[in-house]
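Asker: A predicted structure for the sequence below; I have some questions about it.
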Amino acid sequence: YSFLPVHSLSLRVDIPIREVITISNTCPLKCLHGQCRYFLNSDKYFCQCFDGYSGMLCSIKNSCDCSSDSICIGVVQNRSICICPLGKFGPRCYLKSTVCISNPCLNSGECIVGDEKIAETDYYCLCPEGFMGLICEKIQTKIEFIFEKTIPIPESILIHFFYVSSAPRPPAQSHLADPTRTTLISKIKR
């Protein structure tokens, strides 16, 4: 898929309804490194290539030159298509990102390298539960509900918050109409 950017992923999913039958005696194709098969819904044949081979007759040996800790998903126009592990990038995953070495994320957040082609920042922080913000620096708001023992505790709760104020709004929030409603649905932890 030469039209895809380096960091994109293309996936082929084969979901056969029933076992695909291999035809060996009547197949007009001479598959070099694969098996001749036919399409179930037509009279056409194709070569299903073994791993490491491609082409109409499975005659092209794929020589992936991705880094050893990456995944090679094929070769297009003599270029390997590589899926890089976290912290590595580049067309063949040989380049290392240094942005997460100092771990800028706070409160045990996990630093994940951003893709400079689509991201506004060099990294993202995956925050643990209870924290939020660009570098997990903010404590999430916590609301505790205590139910009487006679009330059955549901598995989840839907809450509507209404903000009503007679005070003038700051200029940055002047576009908001009074009252403002926020809806939250959350799973209840026991």
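Answerer: Happy to help now that I have it. Numbering: from 1, shown residues only.

Asker: Low-confidence stretches in the chain?
Answerer: Residues of the chain meeting the criterion pLDDT under 70: 1-25, 115-120, 169-178, 190.

Asker: okay, now the domains of it?
Answerer: Residue ranges for the domains of the chain, per automatic domain parsing: 1-96, 156-187.

Asker: quick one, which of those is nearest to Ile135?
Answerer: domain 1-96 (17.7 Å; CB to CB). Placement of C-beta: from N, CA and C, glycine included.

Asker: Can you give the distance of the closest one from its chain's centre?
Answerer: Centre-to-centre, domain 1-96 and its host chain are 21 Å apart (CA atoms, centre = their mean, to the nearest Å).

Asker: Give me the secondary structure label for the residue of the chain positioned farthest from its centre.
Answerer: Within the chain, the residue lying farthest from the chain centre (CA atoms, centre = their mean) is Ser166, at 45.0 Å. Under DSSP: H, G, I helix; E, B strand; the rest coil, the three-state class of Ser166 is coil.

Asker: Can you tell me how far it is from Ile83?
Answerer: Note on Ser166: its distance to Ile83, by CB to CB, to the nearest Å, is 56 Å.

Asker: of all the domains of the chain, which lies closest to Leu126?
Answerer: So among the domains of the chain, domain 1-96 is nearest, using CB to CB, at 10.6 Å.

Asker: Show me where this protein has its strands.
Answerer: Assigned by DSSP state E, the strands in the chain fall at 34-38, 45-49, 53-54, 60-61, 71-76, 79-83, 88-89, 95-96, 110-113, 123-126, 131-132, 138-139, 156-163, 180-187.

Asker: hang on, the earlier thing: give me whichever of the domains of the chain is most buried.
Answerer: A comparison of the domains of the chain by mean neighbour count, using mean count of other CB atoms under 10 Å, puts domain 1-96 on top with a mean of 13.

Asker: possible to save the strands of the chain as CSV with distance to Thr26?
Answerer: Output for those, formatted as CSV (distance: least, CB to CB, whole Å):
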stretch, distance to Thr26
strand 34-38, 9
strand 45-49, 9
strand 53-54, 23
strand 60-61, 25
strand 71-76, 30
strand 79-83, 34
strand 88-89, 48
strand 95-96, 50
strand 110-113, 52
strand 123-126, 55
strand 131-132, 63
strand 138-139, 68
strand 156-163, 59
strand 180-187, 58
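
Asker: Those: which one's closest to Thr150?
Answerer: Using CB to CB, the strands of the chain put strand 156-163 closest to Thr150, at 17.5 Å.

Asker: could you give the angle of that closest one to strand 180-187?
Answerer: 160 degrees (axes from the mean of the first three to the mean of the last three CA atoms, to 10 degrees).

Asker: Sheet partners, orientation included, of strand 156-163?
Answerer: strand 180-187 (antiparallel) (DSSP bridges).

Asker: So what touches the partner strand?
Answerer: Contact partners of strand 180-187, identified using CB atoms under 8 Å, 6 or more residues apart in numbering, comprise Glu155, Ser156, Ile157, Leu158, Ile159, His160, Phe161, Phe162, Tyr163.
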